[in-house]
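A.B. asks: predicted model follows, preceded by the sequence.
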Amino acid sequence: MMSDRKAELERKKAKLQAIREEKERRRREKEQKDVEEATVRAAGADKDHRKELDAMLSSLGVAPVSDVLSSLSSMNSLASDQSNNITPDVSMQPSSITPAQCGSTKKKSNRELTVVSVAHTNIPPKEPVVYSKQTQTAQTAQTSHDVLTYDDGQAEDEENSLPHMDGFQSKLPPGILPHGLPQVKEVQPAVTQVEQQSKEEKPKEVRELSEEEKQMLILSEDFQKFLDRTSRIVERALAECVDIYADYTGTLDGEEGMDEKSHQRLWLNRSFSDERWSRNRCVTSLDWSPQFPELLAASYHHNDDAPNDPDGICLIWNTKFKKTTPEFIFHCQSPVMSTTFARFHPNLILGGTYAGQIVLWDNRVQKRTPIQRTPLSASAHTHPVYCLNVVGTQNAHNLISISTDGKMCSWSLDMLSQPQETLDLQAKQSKAIAVTRLAFPHGDVNNFVVGSEDGTVYSACRHGIRAGVTETYEGHQGPVTSVSAHAVQGGIDFSHLFLTSSIDWTIKLWSLKENKPLHSFEHNGDYVYDVAWSPIHPSLFAAVDDSGHLDLWNLNQDTEVPTASVVVDGAPALNRVSWTPSGLHVTVGDDSGKIWVYDVAENLAHPRGDEWNKFLYTQQDLKNNKADEELDKLNLSSGPSSLSSMSSISSVPIR
């Protein structure tokens, strides 16, 4: 049975092999036949083409191709006969060539062509991975403030006013000066005197613009930029007033005038106000530009007497020139409660509004309304924003904002559509903190101090395990109106100190290391609205109150009364106080929209070398006095137990 099956399989295999061989034979015969037919067809076509070509040449009177070829062959035979008469070289004798070689040279073998399928393989090249190494550094170059670079387009006009360089010099790499050789120019054709006079006498036709063209030109963006920039320049030039009779020897002023000026510690330099935009508007915040120290940003509340005007106003004032109008005017649909310059963007100004929005203005854009604003949604602020602060470095910084519902948001200036981080500041029993003021210690971007409406001060942190409120400082009996952190760098670190003011008529000095105030300044007789440390003196700060007093306190000299004090003209309520970056001027804003700039005497503004050590001793004295007061209160509250204890208590001085 198995043998029959094997035999059957062998027969089938043999039959299949025969079928394959038959197919292969037929394929070869067909290919050979196709090749022969193609050869015959090509030869016939070549002959027909030659005949047509010969006939065409003959009709034109030109010898046919066949005749030319026959003449060439006869010339070749004649040349071969002449070459046979010459004795050939031994190496070229026919006897040196074997019959086999003759046969191989004469016989030409036909190659058989076959169709071959080629497999394509693509090998990708090895890709080298390259990394770029960079290092983050802080920019230390100082900006030249003689040229106001915030005037966009001024530098461009100065570049365009330079003479045009030729093609060779314009292709020089940066930093390479031109060679100084004379420039070769094309020689102009000679012009006679008559032609020159005719050209000069011929008036140039000036086309009159239509009303539509004039209107389009006036409304164009380029014309608006030009008019805005040039008007500011002309206004600065007209406002400058130079005293040509200034006497630097002091003989013309008299001894009384010199003595009076030398004893002054605070005197008025100038004031800023605008009848159209700042009148009857309360100044809500002040901030100085880090890039341009002469620029001051001031935000204003709404004006009840002008219901058609925008509710919020932000004006940029220039203290370098004597002009009486603001450098830039920005407005918003909601009262602006706080404003700040974007520290690392010289053209951007930020504002926090009463509605809860954060708005962004750009002085390069020809519009007074914000170019960006945060949304009014649950993910952002929905309560008034009194606190704005830009913290970080040039390459990594954020905008920190806190509203009166205790919500803190961290923003990127490139995207104000939603905050990057949010944090709810809550006190005991999960009660939201109504934040009124914010301050970051010097060089710290994580920890901060806030004041609240209930009179309590809180320290908190943005990140970490204990993110949120970390410490509570109780001492004020009314809402906290200001918080100022110590920001003077020196041999001794005082960054843990901060000042607070309140409507309880007091100013308090605190340390982050203690829950109780180090000292309470109770000299004022009205609401104290703002307080600010000096940016250069470790023990000097300024304070303003509701009765129009501007007080300067030097704690190294006295801790009970101000070192210098002045009442602003008209005794308006002073809402804000701010030092210039140089520390030589102090600026205050009142409730009627006027800003006052006061000069501070150099002997008061500039610190001596031992001020840091003195301030350290002053702190220790304040702590000792505080301990004595607490001890006295404890002794008085315990009550006398006998006449001897009564006599001992009476001998203790009451502070």
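C.D. replies: Arrived safely, thanks for sending. Numbers count the residues shown, from 1 in each chain.
A.B. asks: so for the helix or strand where Glu24 lies, mean pLDDT?
C.D. replies: Per DSSP states H and E, Glu24 falls inside helix 2-59. The average of the pLDDT scores along helix 2-59 is 82.
A.B. asks: now stretch 508-519
C.D. replies: If you average the pLDDT over stretch 508-519, you get 90.
A.B. asks: buried stuff in that stretch?
C.D. replies: Judged by neighbour count (16 or more other Cβ atoms under 10 Å), stretch 508-519 contains these buried residues: Lys508, Leu509, Trp510, Ser511, Leu512, Pro517, Leu518, His519. For glycine as for every other residue, the C-beta is placed from the backbone atoms N, C-alpha and C.
A.B. asks: just the residues you listed now: which is nearest Leu574?
C.D. replies: Among the buried residues of stretch 508-519, Lys508 lies closest to Leu574 (Cβ to Cβ), at 18.9 Å.
A.B. asks: grab the nearest non-local neighbour of that closest one.
C.D. replies: Spatial nearest neighbour of Lys508, excluding adjacent residues (Cβ to Cβ, 6 or more residues apart in numbering): Pro517 at 4.1 Å.
A.B. asks: did I read that right, that neighbour in a helix?
C.D. replies: No - under DSSP: H, G, I helix; E, B strand; the rest coil, Pro517 sits outside any helix and is assigned coil.
A.B. asks: phi and psi next, for it.
C.D. replies: Taking degrees, to the nearest 10, you get phi -70, psi 140 for the backbone angles of Pro517.
A.B. asks: try His331
C.D. replies: The phi and psi values for His331, taken as degrees, to the nearest 10, are phi -140, psi 170.
A.B. asks: ok, so what distance separates Val40 from Glu327?
C.D. replies: Using Cβ to Cβ, to the nearest Å, Val40 is found at 98 Å from Glu327.
A.B. asks: which of these two has more neighbours?
C.D. replies: More crowded of Val40 and Glu327, by other Cβ atoms under 10 Å: Glu327, with 24 against 10.
A.B. asks: so who does that one touch?
C.D. replies: Arg232, Leu295, Ile316, Trp317, Asn318 (Cβ atoms under 8 Å, 6 or more residues apart in numbering).
A.B. asks: among those residues, which one has the lowest pLDDT?
C.D. replies: Arg232 (76).
A.B. asks: which SSE is that one in?
C.D. replies: helix 221-239.
A.B. asks: got the contact list for Gly468?
C.D. replies: Contact analysis of Gly468 by Cβ under 8 Å, 6+ apart lists Leu423, Asp424, Leu425, Gln426, Ala460, Cys461.
A.B. asks: now, the residues you listed that are in strands?
C.D. replies: In this view, those that belong to strands under DSSP state E are Leu423, Asp424, Ala460, Cys461.
A.B. asks: the second one pairs with what?
C.D. replies: Spelled out, it's Asp424. Lys407 (DSSP bridges).
A.B. asks: again with the third one
C.D. replies: Counting by DSSP bridges, Ala460 forms beta bridges with Phe448, Val469.
A.B. asks: distance of it from Lys594?
C.D. replies: In this view, Ala460 and Lys594 are 35 Å apart by Cβ to Cβ.
A.B. asks: then the last one?
C.D. replies: In this structure, Cys461 lies at 39 Å from Lys594, with Cβ to Cβ as the measure.
A.B. asks: between those two, which is the more surrounded one?
C.D. replies: A side-by-side neighbour count of Cys461 and Lys594, using other Cβ under 10 Å, places Lys594 first with 21 against 17.
A.B. asks: can you tell me the closest non-neighbouring residue to the more buried one?
C.D. replies: Nearest residue to Lys594 in three dimensions, chain neighbours excluded: Ser273, at 4.5 Å (Cβ to Cβ, 6+ apart).
A.B. asks: test my guess that the one you found contacts Trp596.
C.D. replies: No - when contacts are counted by Cβ atoms under 8 Å, Ser273 is not listed as touching Trp596 (9.5 Å).
A.B. asks: please compute how far the helix holding Glu24 lies from its chain's middle.
C.D. replies: Computed by Cα atoms, centre = their mean, to the nearest Å, the chain-centroid distance of helix 2-59 equals 80 Å.
A.B. asks: how about stretch 497-508?
C.D. replies: Offset of stretch 497-508 from its chain centre (Cα atoms, centre = their mean): 36 Å.
A.B. asks: and it, end to end?
C.D. replies: End-to-end span of stretch 497-508 (Cα to Cα, to the nearest Å): 11 Å.
A.B. asks: go on, stretch 601-613?
C.D. replies: Start-to-end span of stretch 601-613 (Cα to Cα) is 22 Å.
A.B. asks: next: stretch 475-482.
C.D. replies: Start and end residues of stretch 475-482 are separated by 14 Å (Cα to Cα).
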